[in-house]
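Chemist: Okay, predicted coordinates and the sequence, questions at the end:
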Amino acid sequence: MYKRNEAEIKVRVRRNPRRALRKFILLVITFYVIFLVYGFVRDLVVTRLARVEQIQQGVLQATLPAKGVLVRNEKVVSAPHTGTLKVLASEGERVRVGQVVAQVVVATMDNKTGETVFNITTPRSGIVSYTLDGLEEVYSPKNVRELDLNKIETIKNEPHRFLPGSRVEEGKPVLKIVNNLEPVSIIAVTQNSFKLPEKGQKKPLLLILGADENDLTQAVIQEAPFRGKANEILLNLVNFKNSLIATRKLDFKIISARYEGYILPLSAIAIKQGKDGIYTVYKERVKWKNVQVLGRTAEKVAISGITPDIKVILNPEYVKEGRPLKFP
């Protein structure tokens, strides 16, 4: 009995190493499968999270908000009689001195036509406008140094446009002639200070006067700071703009910096060993590439040193160099 039990124990001992080996192999296979599944899931998640875009060239602009008042050489013309306005020269049209630009039609019983016509002629050449705000004589070049910009927001005069058929009164302003050969000035108040170019600079400032960020207007600095105030600037527009004839107060932007290059979100920049770079997708793998930063704003950056066929990862925090990343 004792000998049989001893033999059984020896058999079990001989079998244990094989069982342990099988368990080890099974454990290795399990870990390998888990590793493969983890890698697959990780790559799938990264592919879903990573934002990849074809890089695009463009312009990055840093702007400074400003408020201003337009100062023009304007001559107001009054109606010669009370009656109905007849427009001959349209809004924004250039006219010569002595030209009949409009007429006042007055009903009468004294002739066969039943009306008398009074001509309105121009006292000088320029651009005709039927939009008046009553401030033409106040915001003129001769008063430019006396104007109080702190009162810009208190201006209540709303412009009035005289249309064909409008009733006009004798002796009351009905149109103005703007001298387009003299500079149109903007007395500007900036919200924040920035380093202005020197007066008399060769390269004009660029302004955005409307909603279109790409519609740029050039201006030269006439005086900065203006009247000794750090946040006031006197600007002269380089070219006369008909679209500003009816405008008195102006919200606009001064372009303080402008960079041309490939435009990306600032978050796309990945610093490696103290150098600026980006993560790209090359042959379905993540690759870091060094770039030159031309300029940056609070949200975007302009870079160079790349080619237009590159696909850039916009959120590099989700990727790692050398990892696979399939992107259509």
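Modeler: Received the coordinates, thanks.

Chemist: end-to-end on stretch 279-294?
Modeler: Length of stretch 279-294, first residue to last, C-alpha to C-alpha, to the nearest Å: 18 Å.

Chemist: got the buried residues for that stretch?
Modeler: The neighbour-count check on stretch 279-294 (16 or more other C-beta atoms under 10 Å) flags Tyr279, Thr280, Val281, Val286, Lys287, Trp288, Val291, Val293, Leu294 as buried. C-beta coordinates here come from the backbone N, C-alpha and C atoms, glycine included.

Chemist: what's it in contact with?
Modeler: With contact meaning C-beta atoms under 8 Å, 6 or more residues apart in numbering, stretch 279-294 is reached by 52, 60, 259-261, 269-270, 272, 275-278, 301-306, 310-313, 316, 319-327.

Chemist: Contact partners for Glu299?
Modeler: Pro265, Leu266.

Chemist: which two from the buried residues of stretch 279-294 end up farthest apart in space?
Modeler: Within the buried residues of stretch 279-294, two members stand farthest from each other by C-beta to C-beta: Val286 and Leu294, at 24.2 Å.

Chemist: rewinding a little: possible to save the buried residues of stretch 279-294 as TSV with secondary structure, distance to Val238 and pLDDT?
Modeler: Output for the buried residues of stretch 279-294, formatted as TSV (DSSP: H, G, I helix; E, B strand; the rest coil; distance: C-beta to C-beta, whole Å; pLDDT from 0 to 100):
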residue	secondary structure	distance to Val238	pLDDT
Tyr279	strand	43	87
Thr280	strand	41	86
Val281	strand	45	83
Val286	strand	48	83
Lys287	strand	46	89
Trp288	strand	44	90
Val291	coil	35	91
Val293	strand	31	92
Leu294	strand	26	92
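
Chemist: From the contacts of stretch 279-294, which land in strands?
Modeler: Assigned to strands by DSSP state E, the following of those qualify: 52, 60, 259-261, 277-278, 301-304, 311-313.

Chemist: quick one on the thing from earlier: of the contacts of stretch 279-294, buried ones?
Modeler: Once neighbours are counted (16+ other C-beta under 10 Å), the buried part of these comes down to 52, 60, 259, 261, 269-270, 276-278, 301-303, 306, 310, 312-313, 316, 319, 323, 325.

Chemist: Go ahead and list the helix or strand containing Gln222.
Modeler: strand 216-223 (DSSP states H and E).

Chemist: In three-state terms, how would the residue nearest the centre of the chain be classified?
Modeler: By C-alpha atoms, centre = their mean, the chain has its centre lying nearest to Glu213, at 3.7 Å. Put simply, Glu213 is coil when judged by DSSP: H, G, I helix; E, B strand; the rest coil.

Chemist: Spit out the contact partners of it.
Modeler: Taking C-beta under 8 Å, 6+ apart, we find Glu213 in contact with Gln61.

Chemist: From Pro141, how far off is it?
Modeler: Glu213 sits 30 Å away from Pro141, going by C-beta to C-beta, to the nearest Å.

Chemist: With Glu169 instead?
Modeler: With C-beta to C-beta as the criterion, Glu169 and Pro141 are 29 Å apart.

Chemist: Would you map the strands across the stretch 101-250 of the chain?
Modeler: Taking DSSP state E, counting those that start in this stretch as the test, the strands found in the stretch 101-250 of the chain are 115-121, 126-129, 131-132, 160-161, 167-168, 173-178, 185-190, 205-208, 216-223, 232-237, 249-265.
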